[in-house]
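Visitor: Give me the fold of what follows.
(one chain, ligands or ions: 1)
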Amino acid sequence: MNVHPKYPGFLPGFLRTGWSVGRKINKLIPQLLTEQQIQQLKAVEGHTTLEQCATLFYLAYTNTKTAGSIVEIGSFKGKSTCWMAKALQIAGANEKIAAVDPHINTRDHHVVPDYKEESSYDAFLNNLKNCGIDQYVEPIKKTSQDAAENWNQPIKLLFIDGSHLYDDVMLDLKLWEPRLMQGGIVVMHDTKPFGPRIAVRRAMDDYIVKSKRFKEMLQLANMACFVKTKSA
Ligand SMILES: C[S@@+](CC[C@H](N)C(=O)[O-])C[C@H]1O[C@@H](n2cnc3c(N)ncnc32)[C@H](O)[C@@H]1O
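Guide: As a prediction, the model looks like this:
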């Protein structure tokens with residue numbers, strides 16, 4: 001295995017399931033990203049960890065030849081967005097990530113992270129620019145519900161990290177999962193089976209796991225990835 005000198009254990013310490021995918025992620029990241037690029041992406045303020053971002057990078061990169069869109073629900077200041085967009089840039093892909101977020105600071109900590117400004121939008125746009133990947137992102141400054149009304153393209157990769165209230169997560173899944181192609185991947189953030197974000201785990205179990213239409217691909221300490229094997 002090609003081990004990055006600075007990040008020797010990129011994923012294994014955090015993996016619950018999906019070791020073979022984890023090994024591929026560990027190998028790919030140091031081959032594709034320079035230390036300087038990793039540092040730049042790491043410096044973006046946000047709520048996704050290095051191993052989660054590495055996983056999103058891997059999923060975006062390895063699916064550039066697959067038809068369909070990448071949709072992110074909940075971008076905040078763009079950390080996860082920047083990692084996925086960097087993957088598209090490095091792959092030379094001709095596509096954009098649809099980054100859905102109203103960017104409104106409601107000050108409800110189940111809905112938005114704690115931050116000072118009234119909106120995360122300016123920081124989001126600046127971070128895309130600073131990472132040199134703004135041309136790989138289509139910002140959709142709307143709630144997931146409003147954005148879903150006008151969405152009519154099949155999705156290959158769906159990352160859900162919006163409101164963490166149970167009903168909202170269920171709604172995100174009900175609105176967007178039917179548009180996920182068979183063979184497409186849904187990634188849920190904040191899936192720890194305990195603690196203040198337990199609602200996301202419950203929604204994931206109720207919608208994804210119980211349906212038996214998905215195969216678990218990889219589970220990190222606080223993020224889970226599933227492949228859709230059947231439509232409803
Ligand atoms: C935990 S943050 C996302 C973190 C981000 N993925 C990162 O890498 O830092 C959750 C985001 O979801 C957004 N959000 C809340 N409700 C939403 C909704 N109904 N539709 C879309 N986004 C929503 C918030 O504005 C907030 O920016």
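Visitor: For residue 181, which non-adjacent residue is spatially closest?
Guide: residue 154 (4.8 Å; CB to CB, 6 or more residues apart in numbering). The way it works is simple: take the backbone N, C-alpha and C, and place the C-beta from them, glycine included.
Visitor: can you pull the contacts of the closest residue to residue 230 other than its chain neighbours?
Guide: Spatial nearest neighbour of residue 230, chain neighbours left out: residue 213 (4.3 Å); criterion: CB to CB, 6+ apart. Taking CB atoms under 8 Å, 6 or more residues apart in numbering as the criterion, residue 213 is in contact with 228-232.
Visitor: now, among these, which is nearest to the ligand?
Guide: Nearest to the ligand out of those is residue 228 (CB to the nearest ligand atom; 20.9 Å).
Visitor: Buried residues in the helix or strand containing residue 215, which are they?
Guide: Using DSSP states H and E, residue 215 maps to strand 214-220. Of the residues in strand 214-220, 214, 217-220 count as buried by neighbour count, 16 or more other CB atoms under 10 Å.
Visitor: List the neighbouring strands of that strand plus their orientation.
Guide: Here strand 214-220 is paired, per DSSP bridges, with strand 15-17 (antiparallel), strand 223-228 (antiparallel).
Visitor: The ligand contacts on this structure?
Guide: When proximity is defined as CB under 6 Å from any ligand atom, the chain approaches the ligand at 46-48, 73-76, 79-80, 100-103, 111-113, 120, 143-144, 161-163, 168.
Visitor: Of those, which count as buried by neighbour count?
Guide: Buried among the residues of the chain next to the ligand (16+ other CB under 10 Å): 46, 48, 73-76, 79-80, 100-103, 111-112, 120, 143-144, 161-163, 168.
Visitor: where's the nearest residue to residue 130 once chain neighbours are set aside relative to residue 117, distance?
Guide: Of all residues not flanking residue 130 in the chain, residue 40 sits nearest, at 7.4 Å (CB to CB, 6+ apart). Residue 40 is 22 Å from residue 117, where distance means CB to CB, to the nearest Å.
Visitor: quick one: which of the two has more around it?
Guide: The residue with more neighbours, out of residue 40 and residue 117, is residue 40; 17 against 11, by other CB atoms under 10 Å.
Visitor: can you give me phi and psi for the more buried one?
Guide: Dihedral pair for residue 40: phi -60, psi -40, per degrees, to the nearest 10.
Visitor: So for it, what pLDDT did the model give?
Guide: At residue 40, the model reports a pLDDT of 95.
Visitor: can you check residue 102 too?
Guide: Per the predicted model, pLDDT is 98 at residue 102.
Visitor: show me the contacts for it.
Guide: 141-143, 146.
Visitor: SS state for it?
Guide: Assigned state for residue 102: coil (three-state reduction, DSSP: H, G, I helix; E, B strand; the rest coil).
Visitor: Just the CA atoms of stretch 64-75, as CSV, please.
Guide: Extracted C-alpha coordinates of stretch 64-75, given in CSV (Å, rounded to 0.1, in the frame of the first residue of the first chain):
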residue,chain,number,x,y,z
THR,A,64,-16.4,10.8,-13.0
LYS,A,65,-17.0,8.3,-15.9
THR,A,66,-20.5,7.5,-14.6
ALA,A,67,-23.4,9.4,-16.1
GLY,A,68,-25.5,11.4,-13.6
SER,A,69,-25.1,14.3,-11.2
ILE,A,70,-23.5,14.9,-7.9
VAL,A,71,-25.8,16.6,-5.4
GLU,A,72,-24.9,17.9,-2.0
ILE,A,73,-27.6,18.9,0.5
GLY,A,74,-25.9,21.1,3.1
SER,A,75,-22.7,22.9,2.0
